[in-house]
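Asks: below is the sequence, then the predicted model.
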Amino acid sequence: MRNPSRALGTDIGLAALVFLSRLPFLGPGAGNDNDGWFLVNAAREIAATGRYTTSRFPGYPVQEWLAAGIARAGGGPVGMNALSALAATAAAFAFARLLRRLGARDAGITALAFVCVPAAYVASVSAMDYLLALAFVLAACHARLTGRTLLAGAWLGLAIGTRLTSLALL
């Protein structure tokens, strides 16, 4: 698309579609992976005591503090699943923007296909950290490509604080 405002509108529409497609599956629990339930328990403890505790080693502080905020607000597992759905939304948006920046054709449909891959879809409706970290990584790549190095570093720092394996991007 040659019109940047039209491309932005398309990417916002894509993000809305991704989020709406996740709503029916947010369900009452944190998913089948024990890590999701470990997050719920750690978030409840952080919310109750104000002291950081890890959901699992080595710790995922960005996601755990965000989940604690959700727990404090009474969101429970469904709220934490919604955080993953929002992460999928952000990842799709960031990927589409990144693809457009690189001059790819059909950036929107490619980003939509990406977040509809079964592993990504399941991770986006359960309390998992994969897509949150990926959204931060994609935002860091886009910021770097647009010459905003400090912003790219901030996004990468959030990605690393969400999932340590994001450090590999360096």
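Replies: Perfect, I can see it now.
Asks: what stretches of this protein score poorly on pLDDT?
Replies: Applying pLDDT under 70 to the chain flags residues 1-5.
Asks: what do you get if the cut-off is 80, keeping everything else the same?
Replies: Scanning the chain for pLDDT under 80 picks out 1-6, 28, 31-32.
Asks: my guess is R163 contacts M128. True?
Replies: No - if you go by Cβ atoms under 8 Å, R163 and M128 don't touch, sitting 9.7 Å apart. Heads up, the C-betas are built off the backbone N, CA and C, glycines and all.
Asks: so which of the two has more stuff around it?
Replies: M128 (24 against 20; other Cβ atoms under 10 Å).
Asks: could you look up the SS state of that one?
Replies: Following DSSP: H, G, I helix; E, B strand; the rest coil, the label given to M128 is coil.
Asks: angles on the backbone of it, please.
Replies: phi -120, psi 160 (degrees, to the nearest 10).
Asks: what does A73 give?
Replies: Here A73 shows phi and psi, under degrees, to the nearest 10, equal to phi -80, psi 0.
Asks: check contacts around it.
Replies: Residues in contact with A73 (Cβ atoms under 8 Å, 6 or more residues apart in numbering) are G79.
Asks: so which elements touch the longest helix along the chain?
Replies: The longest helix of the chain (DSSP state H) is helix 76-101. Identification of packing neighbours for helix 76-101 by 3 or more Cβ pairs under 8 Å, 6 or more residues apart in numbering; DSSP states H and E yields helix 4-22, helix 34-49, helix 61-72, helix 107-115, helix 118-123, helix 130-145.
Asks: good, wrapping up.
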